[in-house]
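1. I would like the atomic coordinates for the input below:
(2 chains)
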Protein chains: 2
Amino acid sequence: MPVDPLSRTFAALADPTRRAILARLSTGTCSVTQLAEPFEMSLPAVSKHLRVLERAHLIVRTREAQYRPCRIDGTPLKEVATWAEQYRHLWEGRLDRLDTYLQHMTTSQQETAHGRQPRRKQR
Amino acid sequence: MPVDPLSRTFAALADPTRRAILARLSTGTCSVTQLAEPFEMSLPAVSKHLRVLERAHLIVRTREAQYRPCRIDGTPLKEVATWAEQYRHLWEGRLDRLDTYLQHMTTSQQETAHGRQPRRKQR
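-> Numbering: from 1, shown residues only, chains lettered A, B, ... in the order given. Predicted structure coming up:
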């Protein structure tokens, strides 16, 4: 079954090692050996992750003499950001409701304080 | 192996039907039957997708008398947006370079046009 590009991107991102590889590559091009170093992982294991990222077009591998440096491609990440941003109203709506609640609480507390005329500490 | 929350979210989003269910739920709470309608899918198949979304905390299912309405939870989607946004410099850098290239092309064309004094069509 053919997988749509966005599903392939999300599937590739569903792994902390692959996300760490992308974080490393976002600072610049790397060789596979450089990428493998911080992960205490075999080169074949890293290569397997790189193939998943490459198939999702999240990285591009070029061939230069002895080695194949990897670089990140931001295009699918932009598509992820755009996709998630369409739901911004969900979390902003939630913050708006929290804000309204806190304003209500503050007003209620002020009214209570005003009614009781509490003593205030001198500073 | 325990799966970290962000990996679970990405894995749940790596399916077009589950993303379509979220799109439907972003407009309001639905029953499973209502969710199944546009997908020409059996209720058990939809329920399976809902379980994946529920485990990833992307939806919440409540129990009300006869049925279990579903509602979307934007929190994990906000985390996806925040995660992707950290790479904004990648695609904006790319657009900046495109912009510079286009400005360069426009300037070159204007200089060429000025040098040649081309005839323009009367409109």
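2. Could you give the average pLDDT over whatever helix or strand A:Leu53 lives in?
-> Per DSSP states H and E: A:Leu53 is located in helix A:43-55. For helix A:43-55, mean pLDDT rounds to 95.
3. Quick one: list the elements packing against that helix.
-> Applying 3 or more Cβ pairs under 8 Å, 6 or more residues apart in numbering or on different chains; DSSP states H and E, we find helix A:43-55 packed against helix A:5-13, helix A:16-25, helix A:32-36, strand A:59-61. Placement of C-beta: from N, CA and C, glycine included.
4. 10 Å instead, please
-> helix A:5-13, helix A:16-25, helix A:32-36, strand A:59-61, strand A:70-72 (3 or more Cβ pairs under 10 Å, 6 or more residues apart in numbering or on different chains; DSSP states H and E).
5. of those, which approaches B:Ser26 most closely?
-> With Cβ to Cβ as the measure, helix A:5-13 is the member of the helices and strands packed on helix A:43-55 nearest B:Ser26 (16.3 Å).
6. Give me the residues contacting that closest one.
-> A:2-4, A:18-19, A:22, A:49, A:51-59, A:75-77, A:79-80, A:82-83, B:6-7, B:9-19, B:80, B:83-84 (Cβ atoms under 10 Å, 6 or more residues apart in numbering or on different chains).
7. from these, which would you call buried?
-> Applying 16 or more other Cβ atoms under 10 Å in any protein chain shown to the contacts of helix A:5-13, the neighbour count classes A:18-19, A:22, A:49, A:52-54, A:56, A:58-59, A:76-77, A:79-80, A:83, B:6-7, B:9-15, B:18-19, B:80, B:83-84 as buried.
8. coming back round to it: let me have the helices and strands packed on helix A:43-55 in JSON lines, extended by distance to B:Arg88 and mean pLDDT.
-> Formatted as JSON lines, the helices and strands packed on helix A:43-55 follow (distance: least, Cβ to Cβ, whole Å; pLDDT from 0 to 100):
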{"stretch": "helix A:5-13", "distance to B:Arg88": "16", "mean pLDDT": "98"}
{"stretch": "helix A:16-25", "distance to B:Arg88": "14", "mean pLDDT": "96"}
{"stretch": "helix A:32-36", "distance to B:Arg88": "23", "mean pLDDT": "89"}
{"stretch": "strand A:59-61", "distance to B:Arg88": "18", "mean pLDDT": "95"}
{"stretch": "strand A:70-72", "distance to B:Arg88": "13", "mean pLDDT": "95"}
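9. could these go into a markdown table alongside distance to B:Glu37?
-> Shown next, in a markdown table, are these (distance: least, Cβ to Cβ, whole Å):
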| stretch | distance to B:Glu37 |
| --- | --- |
| helix A:5-13 | 22 |
| helix A:16-25 | 36 |
| helix A:32-36 | 46 |
| strand A:59-61 | 40 |
| strand A:70-72 | 41 |
